[in-house]
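> Sequence and predicted model, in that order:
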Amino acid sequence: MPKTEPNAIAAEISADFQTYLGKGIRFESFFSEPLSELRVEGLDTLLRVHFLLQEPQDEDQVVPSTFVKGLRDRIRNLKTETRRKTETVRGAVRGRIDWNETIKLRNQSPEPIDTRFACVEPHIRYQIKENMVLVRLLDIIEEILTEDLSYALEEPQDFTWVEPWVSAQNDNSASLASDFLNLMGKNVYLDRVQVEPGDITDRMIRSGTQSRLPLYREAAALLDQYRKLMNYQIDASLSIKLLSRTMIGPGEPENLFELYWAFQILDQFPSARYEVLKHGDGLVASWQTETFSYQLYHDSTGPDTFRLQERTEEVLDGKTSDYLERQVRITDRWDTISSDLFDRSSDRTLWGGRPDIIFVRTPIERDCPTDVFLGEVKYSQDREYLRSGLRELLEYIGFLRIGDQHAVPIDEIGTSTRVSGGLFVDGIPFNSEIHTPQTFDSVTVYQFGDEFLNPFG
């Protein structure tokens, strides 16, 4: 059985990615160590970078890079609005004289000789809606270049995907990025337009898309596209592009495979109303029913009440075999010598773990979970690697503490219904008699393509 290609995994989860993104699910932990060249921290940064690096699919499509080309010439003819303003001028004439207003002024004056004139002067305004939309778009592009992609602009030879922005536009000319940033730094036309992010309304953007001038029509369309991206309004094809750009790189796309299984779990709760999460160590999703609350974690140690560690003093407190006692003494001596020799001591942890997936269910009236599911994901078909994953999973189940107590008695490790586990693998080609998902007491083995079984019934 051939290993599942990363592109196939991305295609499989693209629809779920789109759906759960709109429901407020957090994916930061899956993007924390991207396997491609992009140095992104969080999904919002990824979306901003994607917006800037789009490539046109045909000669008529406008993307940020094509919009910026030729911008220096286009903004010389910014649309303006002319308003006439009447001002009082003494001893001089500026503009057209408003004789009616001038006579009124002089009739009201106590001075025997009044040299004042009411003059009507035209005032040219750049602060109009079309220009505000344009400048807001240009501000966004500038922010992405200087904040999100500054490292790539400094060392463009190491980041080929920014080539349209860093290559010379023609012989002996500056790069597109340099020319654009220089334009933004000193331009008498753009400087006359002041705009804050909250100043731009949806109505202004819709109006801009109907402009007769291509400059404003294109700017409004791009700003509308950016806003939809940042509101997570994306389609399946874009989902695949984002997943591919971030997770399919020179290494093994483990995170993509882990994301696939997280979606399989969430799919078992189609009616869940997800809470919008603003923080949390690896907390992907949280929701409640009338009787339970649920939390799904990725690459995390789970809720604050959980501990996946075994300390040396805790092992010595109980009855130990000679093997365990020797392990404790070895750890103690290692810690003592390391402290003296390297000026660095350990926390005397004999064992520690961090499951790929932690899924918990807690009764509404309680603080601690009553049901726990732990998952270990192995994007592999290698026999020994999968065996090691199974051992890791059983260690998580056996050593998990809730509060100060182990969650599972020794004789119930792997059989307890309170703490169950799942081993998620790409395939088991070496044993044709195994049909997954297959459950061994409270441990279930899944292959790519299997439907996840609700562990809480």
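That came in fine, so what should we check first?

> Output stretch 194-205 as PDB, restricted to C-alpha atoms.
What follows is stretch 194-205 as a C-alpha-only set of coordinates in PDB (Å, rounded to 0.1, in the frame of the first residue of the first chain):
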ATOM      1  CA  GLN A 194      -5.500  60.300   6.000                       C
ATOM      2  CA  VAL A 195      -7.300  57.100   6.800                       C
ATOM      3  CA  GLU A 196      -7.600  54.700   9.700                       C
ATOM      4  CA  PRO A 197      -8.600  51.000   9.400                       C
ATOM      5  CA  GLY A 198     -12.000  51.700  11.000                       C
ATOM      6  CA  ASP A 199     -12.800  54.500   8.500                       C
ATOM      7  CA  ILE A 200     -13.500  52.200   5.600                       C
ATOM      8  CA  THR A 201     -17.100  50.900   5.400                       C
ATOM      9  CA  ASP A 202     -18.400  48.000   3.300                       C
ATOM     10  CA  ARG A 203     -20.500  50.600   1.500                       C
ATOM     11  CA  MET A 204     -17.400  52.500   0.500                       C
ATOM     12  CA  ILE A 205     -15.800  49.300  -0.900                       C
END
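
> buried stuff in that stretch?
For stretch 194-205, a neighbour-count test (16 or more other CB atoms under 10 Å) marks V195, I200, M204, I205 as buried. C-betas here are computed from N, CA, C, even on glycine.

> my guess is the third one meets V133, correct?
Yes. With contact defined as CB atoms under 8 Å, M204 counts as touching V133 (5.7 Å).

> Which residues are in contact with each of these two?
A220 (CB atoms under 8 Å, 6 or more residues apart in numbering).

> Let me see the domain layout of the chain.
Using automatic domain parsing, the domain parsing of the chain gives 41-75+129-234, 83-123, 254-307+353-447, 309-352.

> Buried deepest among those, which one?
For these, the largest average neighbour count (mean count of other CB atoms under 10 Å) is found in domain 254-307+353-447, namely a mean of 18.

> Would you pull up how far that domain lies from the middle of the chain?
23 Å (CA atoms, centre = their mean, to the nearest Å).

> what about it, average pLDDT?
The pLDDT scores in domain 254-307+353-447 average 87.

> so how far does that domain reach from one end to the other?
14 Å (CA to CA, to the nearest Å).

> got it, and stretch 73-84?
First-to-last residue span, stretch 73-84, CA to CA: 28 Å.

> Need the mean per-residue confidence for that stretch.
Rounded mean pLDDT across stretch 73-84 is 83.

> List the contacts of it.
Outside stretch 73-84, the residues that touch it by CB under 8 Å, 6+ apart are 120-126, 128, 130-131, 134, 187, 189-190, 213, 215-216.

> For P270, state which of the buried residues of stretch 194-205 is nearest.
Set against P270, the nearest of these by CB to CB is I205 (33.6 Å).
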